[in-house]
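Q: My questions are about this predicted structure, shown below with the sequence.
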Amino acid sequence: MDESIRWRNMRTAPRDGSRILVTIRASEQGPGAVDLVYWSKGDRFGAEGWRSSDSTPGLIIAYAEPELKCWMPLPGANLDAMVRPPAWEGEDETELDGSGI
């Protein structure tokens, strides 16, 4: 598997405004899912934090740190890899770094 196409611990996610894929934890609102997000330094529309790329001024979709399990960089423009990966189903984030072995 391509090293760039794997889930990683959120503490290593880039906070430079670049867009990444994240796994959102399952909750009473629904099952875990994958979303495209970026880190926002905050502005007049909302506080610093993770925002969905679907956000627009006046309608910010923000995620609190505990809502996000893990992240991965966007896949390259490989036509064979144009399918969004499934949400990570693990229970313990330590598994992401191999420390659960």
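A: Sure, I can see it.
Q: okay, CA-based contacts and neighbour counts for the rest of this
A: Noted.
Q: what's the closest residue to residue 54 other than its chain neighbours in contact with, if anything?
A: Distances taken as Cα to Cα, 6 or more residues apart in numbering put residue 61 closest to residue 54, at 7.2 Å, once the chain neighbours are dropped. By Cα atoms under 8 Å, 6 or more residues apart in numbering, residue 61 lies in contact with 51-52, 54-55.
Q: Among those, name the buried ones.
A: 51-52 (16 or more other Cα atoms under 10 Å).
Q: longest single strand anywhere in this protein?
A: strand 33-40 (DSSP state E).
Q: Now do that strand: everything it contacts.
A: By Cα under 8 Å, 6+ apart, the residues outside strand 33-40 that reach it are 14-26, 47-53, 84-87.
Q: Those in strands, which ones?
A: The strands in this structure, assigned by DSSP E, contain 20-24, 49-52 from those.
Q: out of these, which are buried?
A: Buried residues within the ones in strands among the contacts of strand 33-40, counting neighbours by 16+ other Cα under 10 Å: 20-24, 50-52.
Q: What is the nearest of those residues to residue 41?
A: residue 50 (9.0 Å; Cα to Cα).
Q: Isn't residue 93 up against residue 9?
A: Yes - Residue 93 lies in contact with residue 9 (Cα atoms under 8 Å); the separation is 6.6 Å.
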